[in-house]
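Novice: Sequence plus the predicted model coming up.
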Amino acid sequence: MYRYSEFDTAFLAARNDQFRAQVARRLDGSLTEDEFKPLRLMNGVYLQLHAYMLRVAIPYGTLSSPQMRKLAELAERWDKGYGHFTTRQNIQYNWPKLTDIPDMLDSLGEVGLHAIQTSGNTIRNVTADHFAGAAADEIADPRPIAELIRQWSTDHPEFQFLPRKFKIAITGSPNDRAVTKAHDIGLRMIEQDGQQGFEVIVGGGLGRTPMVGKIIRAFLPKADLLPYLEAIVSVYNLLGRRDNKYKARIKITVHEHGIEKIRALVEERFALLKPQFGGADQALLREIEAHFAAPAFVSAQTTPFAEAYEGDPTFRAWADTNLTDHKRADHAIVTISLKAHGATPGDATAEQMRLMADLAEAHAYGELRISHEQNVILPHVPRAKLPALYAALKAAGLGTANIGLASDIIACPGMDYCALATARSIPVAQQIAERVDALKIEHEVGDLKIKISGCINACGHHHVGHIGILGLDRAGVENYQITLGGDHTESAEIGTRAGPGFAYDEIVPAIERLITGYLDLRESEDERFIDTYRRLGAAPFKALLYPENAQARAA
């Protein structure tokens, strides 16, 4: 992983000193809240429903064990003992005091972490495939490119006051685990004529106007990436609307002008920018790539794994759901579920964070990843160590075997924390997870993506869930809309609203009807929920959700 240079360390210290002075001026009244707001947002500080919130970047989802321990220290020392991992590979602390935040930032700087540009109308934390550098299906590790983009975009003088926030995601695999088509810019690594490059997608996004991104370049050589990105953001900075924040994202710019016009403007700007880079970006990329050498893998026997798999049914269930193929046959990728049935999705206590850091050092070369699905990944684990790793996770309540299943729910903080939320997300996610666990059907149901947002901003990615749930306020009462058929992968689709919403006490029974009814609709045990929906269409699923309507039609 990337290690900060002297320049990086000095840069971060200077930024933190600057923010410390800004906080002091806010506290002594020299700055009003309106004047302070853009300054704090540039440093990841929000004013939430009950307190300030600090959002810390986990660039492209990669953490070392010392960094994870530092996140635990912040949770314990300056918060209430836990942190919340988000869908954009950040961690949020919901209860810091404003006076403590400069100290928190300095502490993060000790291990090469920061909160710069985790908010505001800037280029946000660059996200990546959480299996990067380990996945068997990977063309190449995309994280060096993500780090190059991070360095280029941080405090970029032209892009600090964009029309709206701007998000970039990157994957090095043909199987998209980074939701690239729902980002302002999505980058999918591909190979053409023996050369590595990117399919460049622009104008994706969720929120109140969800859109799947459009391909602006089918193949862009890797060497051209940075000037091409600068061309895209430059064009958006000029064309993007500033008269209406609800129409300010690049997806609206692309929609209003058309992808052909945007492509022409970007290509024109790219032709001017490319010579100005003069190869400096490629020299920097070579320096960065040296940081991402693979660990010194040890050859591992697979016998202990095979014996545990055959002899221990609970280990077998966990292995079937929480392990992914590694590029080495004697290793595996381990996903640690932060979704124990009834738990808050994405929350981890300081004790859990420390344990995961220790287990990464003992079993996984000291590396961890955070996924957009709010779980923690150990990317390189020798198969011989998997039984001992599982035993330690199980003892700490982190051994839930549910990755990709109905209780592995993405949920935003909702109205329990967020000032923008219009409904609760966390209790709904908890109740659904508890219900499917009580029914003992989760493994029978198989692959099912349920995603919940507590407002139209869609931080819970509900639009791209197989089952999406959107909480809204209807005359002061929580009302939950259901969308069906969404997909966050390389075949991305926006889900379709099923019909009228459900009251808070009706939403969990409605989801139960969908899940149990699907078992009767599928053609075989191998047919996933999303495949059954695509085969049959919405009608039988609407009948499950609204049985009274089906009965009325039958009568």
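Specialist: Great, that's in hand.
Novice: By average pLDDT, which secondary structure element in the protein comes out worst?
Specialist: helix 547-554 (a mean of 73; mean pLDDT, DSSP states H and E).
Novice: Output the below-cut-off pLDDT ranges for the chain.
Specialist: Filtered on pLDDT under 70, the chain yields the residue ranges 550-555.
Novice: Counting by contacts, list what whichever helix in it runs longest packs against.
Specialist: Scanning the chain for the longest helix, with DSSP state H as the assignment, gives helix 6-27. Secondary-structure packing of helix 6-27 (3 or more Cβ pairs under 8 Å, 6 or more residues apart in numbering; DSSP states H and E): helix 33-41, helix 101-109. The way it works is simple: take the backbone N, C-alpha and C, and place the C-beta from them, glycine included.
Novice: neighbouring contacts of it?
Specialist: 4, 31, 33, 36, 39-40, 43, 98-99, 101-102, 105-106, 109, 112, 114, 116, 155 (Cβ atoms under 8 Å, 6 or more residues apart in numbering).
Novice: Repeat that for stretch 260-279.
Specialist: 202-203, 216-217, 224, 226-228, 230-232, 234-235, 239, 253-254.
Novice: give the contact list for the residue nearest in space to the middle of the chain.
Specialist: The residue lying closest to the centre of the chain (Cα atoms, centre = their mean) is residue 372, at 2.3 Å. Contact analysis of residue 372 by Cβ under 8 Å, 6+ apart lists 61, 87-89, 127, 130, 177-179, 410, 461.
Novice: Buried ones among those?
Specialist: Buried members of those, counted by 16 or more other Cβ atoms under 10 Å: 61, 87-89, 127, 130, 177-179, 410, 461.
Novice: Next, format the residues you listed as JSON lines and append secondary structure.
Specialist: JSON lines is the format used below for these (DSSP: H, G, I helix; E, B strand; the rest coil):
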{"residue": "61", "secondary structure": "helix"}
{"residue": "87", "secondary structure": "coil"}
{"residue": "88", "secondary structure": "coil"}
{"residue": "89", "secondary structure": "coil"}
{"residue": "127", "secondary structure": "strand"}
{"residue": "130", "secondary structure": "coil"}
{"residue": "177", "secondary structure": "coil"}
{"residue": "178", "secondary structure": "coil"}
{"residue": "179", "secondary structure": "coil"}
{"residue": "410", "secondary structure": "strand"}
{"residue": "461", "secondary structure": "coil"}
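Novice: Show me what secondary structure element comes after the helix or strand harbouring residue 535.
Specialist: Assessed by DSSP states H and E, residue 535 sits inside helix 529-536. The element immediately downstream of helix 529-536 (helix or strand, assigned by DSSP H and E) is helix 539-545.
Novice: what's that following helix in contact with?
Specialist: Applying Cβ under 8 Å, 6+ apart, the set of residues contacting helix 539-545 is 482, 484, 498-499, 510, 513-514, 517-518, 521, 533, 549-550.
Novice: For residue 215, give me its contacts.
Specialist: Taking Cβ under 8 Å, 6+ apart, one finds 199-201 in contact with residue 215.
Novice: 10 Å instead, please
Specialist: Contacts for residue 215 (Cβ atoms under 10 Å, 6 or more residues apart in numbering) come out as 181, 186, 188, 199-203, 259, 263.
Novice: Now which of those residues would you call buried?
Specialist: Among these, those scoring as buried are 181, 186, 188, 199-203, 263 (criterion: 16+ other Cβ under 10 Å).
Novice: excluding its backbone neighbours, what's nearest residue 163?
Specialist: residue 240 (3.3 Å; Cβ to Cβ, 6 or more residues apart in numbering).
Novice: neighbours around the one you found, how many?
Specialist: When neighbours are counted by other Cβ atoms under 10 Å, residue 240 registers 20.
Novice: which one of the buried ones among the contacts of residue 215 is nearest residue 248?
Specialist: Using Cβ to Cβ, residue 203 comes nearest to residue 248 of the buried ones among the contacts of residue 215, at 12.8 Å.
Novice: Give me the distance between the closest one and residue 37.
Specialist: 28 Å (Cβ to Cβ, to the nearest Å).
Novice: and what of residue 150?
Specialist: From residue 150 to residue 37 the distance is 24 Å (Cβ to Cβ).
Novice: When these two are compared, which one has more neighbours?
Specialist: residue 150 (21 against 17).
Novice: Distance across stretch 172-183, terminal residue to terminal residue?
Specialist: Using Cα to Cα, to the nearest Å, the end-to-end distance of stretch 172-183 comes out at 16 Å.
Novice: meant to ask about stretch 26-46, not that
Specialist: Calculated as Cα to Cα, the first-to-last residue distance of stretch 26-46 is 14 Å.
Novice: Now that stretch: buried residues?
Specialist: 26, 31, 36-37, 39-46.
Novice: between those residues, which is nearest residue 345?
Specialist: residue 46 (19.5 Å).
Novice: partners of whatever helix or strand residue 191 lives in, with directions?
Specialist: Element membership for residue 191, per DSSP H and E: strand 185-192. Next to strand 185-192 in the sheet, as set by DSSP bridges, lie strand 168-171 (parallel), strand 195-202 (antiparallel).
Novice: Can you list the strands that the helix or strand where residue 378 lies pairs with?
Specialist: Residue 378 belongs to strand 376-382 when assigned by DSSP H and E. Strand pairing for strand 376-382, using DSSP bridges, gives strand 331-336 (antiparallel), strand 367-370 (antiparallel).
Novice: May I see the buried residues of stretch 291-309?
Specialist: For stretch 291-309, by 16+ other Cβ under 10 Å, it's 292, 300, 302, 304-305, 308-309.
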